[in-house]
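Chemist: Provided below for reference: sequence and predicted model.
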Amino acid sequence: MTELQAKIFEIFKEFVRVCEEHHLTYFVVGGTAIGTVRHKGFIPWDDDVDVAMPREDYEKLLALDNPFSDKKYFLQTFKTDPHYPWNFAKIRDSSTTYIEGSFRNVDMNHGVWLDIFPLDGISKTPKDPKKLVHHLGWAWHHNYMMRMYAKRKRIRKATFFKDLWFNIYAYLFFWTNVGHWRNKYQERRCLRHKTSECEQWICYYSNFRSRGITLRKWWLGPEVYGEFEGMKVRLPADYHAYLTYVFGDYMKLPPENKRCSEHKTKHISVTQGYKEYMKEHKI
């Protein structure tokens, strides 16, 4: 386990503790689910942890008053961090630094994180996932519009006009989300169906939107656990069906040139808080 993974694992342990204490349901998903099944921990080259929660449990987590045992942990949403662009939550360790290149100009918490994705009901009867893929297209349209503000650049003499117009374009999209109206609108759309009433669930913020990822209700329950770095964590009940659907032969290692992080990370420190780090490095 790398130093970065060790920090992420600390956050993960705190998240699991809170969920168990408050009887909240969660599942490891994505690469974290593969790591649990294939490696019994982190995929060696992975640098994050992804979990998902049924919307009702997700909202209960966000409503908890200071649930973490250490004040360095911050539950980040667009409601708690004004410039945070996404509609899913992160738990940040404010005593660390993890700055993605595409967000280095955003004034928000940049600590090492754990991703928490809400699962929303999308269909009360089983349907072909391909017929539901447009729902993901709609969600990602708004996601990218909200992200554009993060794309602004520092204006440099050598590329003055290019940078100027790029920033005008980025600010234009920022103003189309004044008061987080896009986030609020998207959230209302996601809340149309309760997960308890639906046979298919969806994560609107999945990176696998081209496959129209929907989760069958029976994939997720009853309780099934796996081992992640010696800690018991909850898996989707039929994790084989889920992982095969999303990744194909998930037990097969990818080619060596694909064994790398997907995050375009510019700055990392597991010992220095992001505020001090950014001030010292003039970010």
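Modeler: Sure, I can see it.
Chemist: CA atoms for contacts and neighbours, from now on please.
Modeler: Will do.
Chemist: pick out the residue closest to the middle of this structure.
Modeler: Closest residue to the average C-alpha location of the chain: residue 115 at 3.5 Å, with C-alpha atoms, centre = their mean.
Chemist: pull the distance from the longest helix seen in the chain to the chain's centre.
Modeler: Counting by DSSP state H, the longest helix found in the chain is helix 3-21. Put simply, helix 3-21 sits 15 Å off its chain's centre (C-alpha atoms, centre = their mean, to the nearest Å).
Chemist: check stretch 185-197 too.
Modeler: On C-alpha atoms, centre = their mean, the centre of stretch 185-197 falls 18 Å from the chain's centre.
Chemist: quick one: the residue nearest to the centre of the chain and residue 92 touch, right?
Modeler: No: counting by C-alpha atoms under 8 Å, residue 115 does not reach residue 92; the two are 9.1 Å apart.
Chemist: which of the three states applies to the residue nearest to the centre of the chain?
Modeler: Reduced to three states with DSSP: H, G, I helix; E, B strand; the rest coil, the structure at residue 115 is strand.
Chemist: for it, give its distance to residue 252.
Modeler: According to C-alpha to C-alpha, to the nearest Å, residue 115 and residue 252 sit 25 Å apart.
Chemist: likewise for residue 103?
Modeler: Distance, residue 103 to residue 252, by C-alpha to C-alpha: 33 Å.
Chemist: okay, those two: which has more neighbours?
Modeler: For residue 103 versus residue 252, neighbours defined as other C-alpha atoms under 10 Å are more numerous around residue 103 (21 against 8).
Chemist: check the more buried one and give its pLDDT.
Modeler: At residue 103, the pLDDT value in this model is 82.
Chemist: restricting to C-alpha, output stretch 27-43 in PDB.
Modeler: In PDB, the C-alpha atoms belonging to stretch 27-43 read as follows (Å, rounded to 0.1, in the frame of the first residue of the first chain):
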ATOM      1  CA  PHE A  27     -21.500  -0.800  -1.600                       C
ATOM      2  CA  VAL A  28     -18.000  -0.700  -2.900                       C
ATOM      3  CA  VAL A  29     -18.200  -0.100  -6.700                       C
ATOM      4  CA  GLY A  30     -16.000   0.400  -9.700                       C
ATOM      5  CA  GLY A  31     -12.300  -0.300  -9.200                       C
ATOM      6  CA  THR A  32     -12.800  -0.600  -5.500                       C
ATOM      7  CA  ALA A  33     -15.100  -3.600  -6.000                       C
ATOM      8  CA  ILE A  34     -12.600  -5.100  -8.400                       C
ATOM      9  CA  GLY A  35      -9.900  -4.500  -5.800                       C
ATOM     10  CA  THR A  36     -11.900  -6.200  -3.100                       C
ATOM     11  CA  VAL A  37     -12.600  -9.300  -5.200                       C
ATOM     12  CA  ARG A  38      -9.300  -9.600  -7.100                       C
ATOM     13  CA  HIS A  39      -6.700  -8.200  -4.700                       C
ATOM     14  CA  LYS A  40      -8.500  -8.100  -1.400                       C
ATOM     15  CA  GLY A  41      -7.600  -4.400  -1.200                       C
ATOM     16  CA  PHE A  42      -6.400  -1.600  -3.500                       C
ATOM     17  CA  ILE A  43      -5.700  -2.400  -7.100                       C
END
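Chemist: residue contacts, the residue nearest to the centre of the chain?
Modeler: For residue 115, the contacting residues are 48, 49, 50, 51, 88, 89, 90, 91, by C-alpha atoms under 8 Å, 6 or more residues apart in numbering.
Chemist: looking at these, which is nearest residue 268?
Modeler: Nearest to residue 268 among the contacts of residue 115, counting by C-alpha to C-alpha, is residue 48 at 12.9 Å.
Chemist: doesn't that closest one lie inside a strand?
Modeler: No: counting by three-state DSSP, residue 48 falls outside a strand, being coil.
Chemist: burial measure for it, as a count.
Modeler: Residues near residue 48, counting by other C-alpha under 10 Å: 22.
Chemist: now residue 59
Modeler: 12.
Chemist: with residue 166 instead?
Modeler: By other C-alpha under 10 Å, 17 other residues sit near residue 166.
Chemist: got the confidence number for it?
Modeler: The model's pLDDT for residue 166 equals 71.
Chemist: point out where the protein drops to low pLDDT.
Modeler: By pLDDT under 70, the weakly predicted segments of the chain are 130, 140-153, 169-179, 206-213, 263-264.
Chemist: can you pull out the helices in it?
Modeler: Here the chain has its helices, by DSSP H, at 3-21, 30-34, 55-63, 133-147, 160-175, 181-190, 217-220, 239-247, 274-280.
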